[in-house]
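Below: sequence and its predicted model.
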Amino acid sequence: MKNLEDSLSKIVSNFLENHYNLLIDNFEFQLTKKNFEGDLTLVLFSIVKRIKINPQEFANKLGSYIIDINQNIKKFNVVGGFLNLVINDSFYVEFIEKIDKNTEYGHKEPSSASPTIMIEYSSPNTNKPLHLGHIRNNLLGFSISRILKATGNNIIKTQIINDRGIHICKSMVAWYNFGNNETPESSGLKGDQLVGKYYVIFEKKFNEEINSLQKDGYDKESAIKNAPIMIQAREMLKKWESNDSKIRSLWKKMNGWVYDGFAITYNDLGVDFDSYYYESETYLLGKKIIDQGLNKEIFYSKPDGSVWVDLRNEGLDEKILLRSDGTAVYMTQDLGTVIKRFEDFPQIDSLIYTVGNEQDYHFKVLFAILKKLGYSWADNLYHLSYGMVDLPDGKMKSREGKVVDADNLIIEMRKTAKKISEKQGKINDLDNKQRENLYNVIGLGALKYFILKVDNRKRILFNPEESVDFEGNTGPFIQYAYARIKSLLSKVSDNDFLKKHNVSLDIKEKEIIKQIMTYPDVLNSSVKNYSPAIIANYLYELVRLYNSFYQNINILNEVNKEARSIRLFISRSVANNIYSASQLLGIKLPEKM
RNA sequence: UGCUCCGUAGUUCAACGGAUAGAACAAAAGUUUCCUAAACUUUAGAUGCAGGUUCGAUUCCUGCCGGAGCAACCA
């Protein structure tokens, strides 16, 4: 379609130059809306405005001119300022035959000369298991990485693991006090779930202590400060920072459990990483940068010793970079980490942070500071921001245990998939292992699609009661269409695919093919907007078009050999296209369901 | 108070500034001798309010109303 548009643009451009002495080479084409005759529409308002002429008259002249020159255009009609062009069926037939068997239509293989993009996502804390918010983060980050790769970029997937700090010590203290040497093995819990359990125990104990101190006459603030378990946690953090070997080994042991647990969840979600950064290794790096900034007088010290940067000229505020006691803040660490990344991977051109929109301001400040410091790549940083996942009664709060646990949710999704599959009763010939695999593919497919189809800037409302649909605009809808086509194709041979170009197509068949033709544009738009949702919605539209036409037609019974053949070509292309687009969303497809 | 993001059918989501705002769920009515009914076909239903820019606005601008987030020597 792009090629056709380009050649039409040239024709129109020539026409304008010869007849009106006007140089324009950029025209607005769009697919013709359903209720009008035609396939491709040229929007004429901007042209007509420049040469004061009646649109109707102009469009008629232009239309005849185009038809004379381009064989692919059969007819035209004019409505208002829209020139609707009717494309020959053979154009579509040739296209569908050309991309046949190409499961990567529209994708571009990256080469060593392609840009390299680092993308950070996930970035968990090691004191508790992953929740639904992380799922959105992971799916988004992973999907964007696939999309960027499919459009010809080299990708390095990374994360920053927040493996130190007071919150980690909380879990450690609670386990130390009340754990009775409980391990993942002895408890049967996933490592991250076990550690998370002690984080909750800490918070519970902490609150009890605050309450009882308040009864003894403390005000809230001092009660929080003086709660024995909190004092213990702070002491532990100090010991950790001074490299106390006992504390360090406890820390390593518990973090090890968490990593084992995370690995399982990541595997379930189908996401992975090429590199890892640990806060424990990077949290001191930023201090060097502070010295640099001070020398260049980009930063300044206040009398109490704290270090600041003034970003008011950039439309932001003054921001602290080093506390008065000389310790680093979050921003300091992030400065250090990003600089280290560009040192570690000199080939990267840009870096994408997949982080929730509550940190929009933080990243504006981070990027502004890096620009002030003069790093050439500072303009190539991007914050891929996304909305929070909310529950019906508000935001998730892990401290209060008000979360949708990732592992539980995944298990529930599989269960639901199982229940529905069994009710359908179409997979009786699969063995147990194949069935379990299928439940996983469908359950996770539903979850991934549910999350990714929503524009990432918007918040997602997740109602655990209603959970995730399996009917309608859902992952299983896509998967089901794919399985059906696979089943159809398994019943035909290569001889059934005849190449004939003088077949006439049904309007709906043309729409399906047109939809596939727009796939490269969809990819571009998805990259431009960092939005997997665009691909999800494209997929849905494709399957809907396919279903609505082929649901009530028995392709195998079609007597006309050529019509049958073209329908098989279309079916196969749809399946291939579903396959490549689903890859980008990380949605797996079953051959049978 | 300031800044940022979001307001579309009862609900969950769509719509490069384009033509009569698309779907799904829920509701009502249909479609299984047929490649798989997790599907398909009908019916009913929406742009927060007021201005502006434009041939044309859900989309861009201004103001208001409503929701969320940020504005920590928290991470």
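Nice, thanks for sending it over.

what about the helix or strand of chain A with the lowest mean pLDDT, near RNA strand B?
None of the helices or strands of chain A scores lower by mean pLDDT, DSSP states H and E than strand A:394-395, at a mean of 72. Yes: Strand A:394-395 comes into contact with RNA strand B (C-beta under 7 Å from any atom of the strand), by way of A:Lys395. Where C-beta positions appear, they are placed from N, C-alpha and C, glycine not excepted.

what separates A:Pro110 from A:Ile156, distance-wise?
In this view, A:Pro110 and A:Ile156 are 12 Å apart by C-beta to C-beta, to the nearest Å.

now A:Val307, nearest residue through space, not along the chain?
Closest residue to A:Val307 apart from its sequence neighbours, by C-beta to C-beta, 6 or more residues apart in numbering: A:Leu322 at 3.9 Å.

can you pull the pLDDT of the one you found?
In the prediction, the pLDDT value recorded for A:Leu322 is 91.

how about stretch A:506-518: buried residues?
Neighbour counts using 16 or more other C-beta atoms under 10 Å place A:509-518 of stretch A:506-518 among the buried residues.

Indicate whether stretch A:155-170 makes contact with RNA strand B.
Yes: interface with RNA strand B: stretch A:155-170 contributes A:162, A:165-167 (C-beta under 7 Å from any atom of the strand).

what's the farthest-apart pair in those residues?
The most widely separated members of the residues of stretch A:155-170 next to RNA strand B are A:Asn162 and A:Ile166, with 11.2 Å between them, by C-beta to C-beta.

With neighbour numbers in mind, choose between the two.
Set A:Asn162 next to A:Ile166 and count neighbours by other C-beta atoms under 10 Å: A:Asn162 wins out with 19 against 13.

Let me see the backbone angles for the more buried one.
Main-chain torsions, A:Asn162, degrees, to the nearest 10: phi -80, psi 80.

Apart from its chain neighbours, what residue comes closest to it?
Per C-beta to C-beta, 6+ apart, closest to A:Asn162 is A:Asn125, 4.6 Å.

Contacts only, for the one you found.
Applying C-beta atoms under 8 Å, 6 or more residues apart in numbering, we find A:Asn125 in contact with A:162, A:167-168.

give me that answer again for 10 Å
A:134, A:161-165, A:167-168, A:171, A:196, A:199, A:258, A:279, A:398 (C-beta atoms under 10 Å, 6 or more residues apart in numbering).

Pull out the buried members of the residues you listed.
Applying 16+ other C-beta under 10 Å to the contacts of A:Asn125, the neighbour count classes A:134, A:161-165, A:167-168, A:171, A:196, A:199, A:258, A:279, A:398 as buried.

Pipe those into JSON lines and attach secondary structure and pLDDT per row.
Formatted as JSON lines, those follow (DSSP: H, G, I helix; E, B strand; the rest coil; pLDDT from 0 to 100):
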{"residue": "A:His134", "secondary structure": "helix", "pLDDT": "94"}
{"residue": "A:Ile161", "secondary structure": "strand", "pLDDT": "95"}
{"residue": "A:Asn162", "secondary structure": "strand", "pLDDT": "93"}
{"residue": "A:Asp163", "secondary structure": "coil", "pLDDT": "93"}
{"residue": "A:Arg164", "secondary structure": "coil", "pLDDT": "92"}
{"residue": "A:Gly165", "secondary structure": "coil", "pLDDT": "90"}
{"residue": "A:His167", "secondary structure": "helix", "pLDDT": "92"}
{"residue": "A:Ile168", "secondary structure": "helix", "pLDDT": "94"}
{"residue": "A:Ser171", "secondary structure": "helix", "pLDDT": "95"}
{"residue": "A:Gly196", "secondary structure": "helix", "pLDDT": "94"}
{"residue": "A:Tyr199", "secondary structure": "helix", "pLDDT": "93"}
{"residue": "A:Val258", "secondary structure": "helix", "pLDDT": "97"}
{"residue": "A:Glu279", "secondary structure": "helix", "pLDDT": "92"}
{"residue": "A:Ser398", "secondary structure": "helix", "pLDDT": "68"}
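
Format those as JSON lines; extra columns: distance to A:Leu213.
JSON lines is the format used below for those (distance: C-beta to C-beta, whole Å):
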{"residue": "A:His134", "distance to A:Leu213": "34"}
{"residue": "A:Ile161", "distance to A:Leu213": "34"}
{"residue": "A:Asn162", "distance to A:Leu213": "29"}
{"residue": "A:Asp163", "distance to A:Leu213": "31"}
{"residue": "A:Arg164", "distance to A:Leu213": "28"}
{"residue": "A:Gly165", "distance to A:Leu213": "24"}
{"residue": "A:His167", "distance to A:Leu213": "21"}
{"residue": "A:Ile168", "distance to A:Leu213": "24"}
{"residue": "A:Ser171", "distance to A:Leu213": "22"}
{"residue": "A:Gly196", "distance to A:Leu213": "26"}
{"residue": "A:Tyr199", "distance to A:Leu213": "21"}
{"residue": "A:Val258", "distance to A:Leu213": "31"}
{"residue": "A:Glu279", "distance to A:Leu213": "31"}
{"residue": "A:Ser398", "distance to A:Leu213": "24"}
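
Got the confidence number for the residue nearest to the spatial centre of chain A?
With distances taken as C-alpha atoms, centre = their mean, A:Leu140 lies nearest the centre of chain A, 2.3 Å away. On pLDDT, A:Leu140 comes in at 96.

same check, this time on A:Val78
At A:Val78, pLDDT is 93.

C-terminal to whichever strand or helix holds it, what's the next element?
According to DSSP states H and E, A:Val78 maps onto strand A:73-79. Per DSSP H and E, the first helix or strand lying C-terminal to strand A:73-79 is strand A:82-87.

Need the CA coordinates for that next one. PDB is fine.
What follows is strand A:82-87 as a C-alpha-only set of coordinates in PDB (Å, rounded to 0.1, in the frame of the first residue of the first chain):
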ATOM      1  CA  PHE A  82     -12.300  13.400  -0.800                       C
ATOM      2  CA  LEU A  83     -11.100  11.700  -3.900                       C
ATOM      3  CA  ASN A  84     -11.900   8.000  -3.500                       C
ATOM      4  CA  LEU A  85      -9.900   5.600  -5.600                       C
ATOM      5  CA  VAL A  86     -11.000   2.000  -6.400                       C
ATOM      6  CA  ILE A  87      -8.100  -0.400  -6.600                       C
END
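
Compute the inter-axis angle for it and strand A:73-79.
For strand A:82-87 against strand A:73-79, the angle by axes from the mean of the first three to the mean of the last three C-alpha atoms, to 10 degrees is 160 degrees.

List the buried residues in strand A:82-87.
Residues A:82-87 are the ones in strand A:82-87 that count as buried (16+ other C-beta under 10 Å).

what's the burial count for the residue of chain A found nearest RNA strand B?
Nearest residue of chain A to RNA strand B (C-beta to the nearest atom of the strand) works out as A:Gly472 at 2.0 Å. Per other C-beta under 10 Å, the neighbour tally for A:Gly472 reads 8.

I'd assumed A:Tyr540 was in contact with it.
Yes: counting by C-beta atoms under 10 Å, A:Gly472 touches A:Tyr540, with 9.4 Å between them.

Helices of the stretch 1-150 of chain A, residue ranges please.
Here the stretch 1-150 of chain A has its helices, by DSSP state H, counting those that start in this stretch, at A:2-20, A:45-50, A:55-69, A:89-98, A:132-150.

RNA strand B contacts on the stretch 151-300 of chain A?
Applying C-beta under 7 Å from any atom of the strand, we find that the stretch 151-300 of chain A lies next to RNA strand B at A:162, A:165-167, A:279.

give me that answer again for 10 Å
Contact residues, the stretch 151-300 of chain A versus RNA strand B (C-beta under 10 Å from any atom of the strand): A:160, A:162-168, A:237, A:279, A:283.

Of the residues you listed, which pair is most distant in space?
A:Ile160 and A:Leu237 (19.1 Å).
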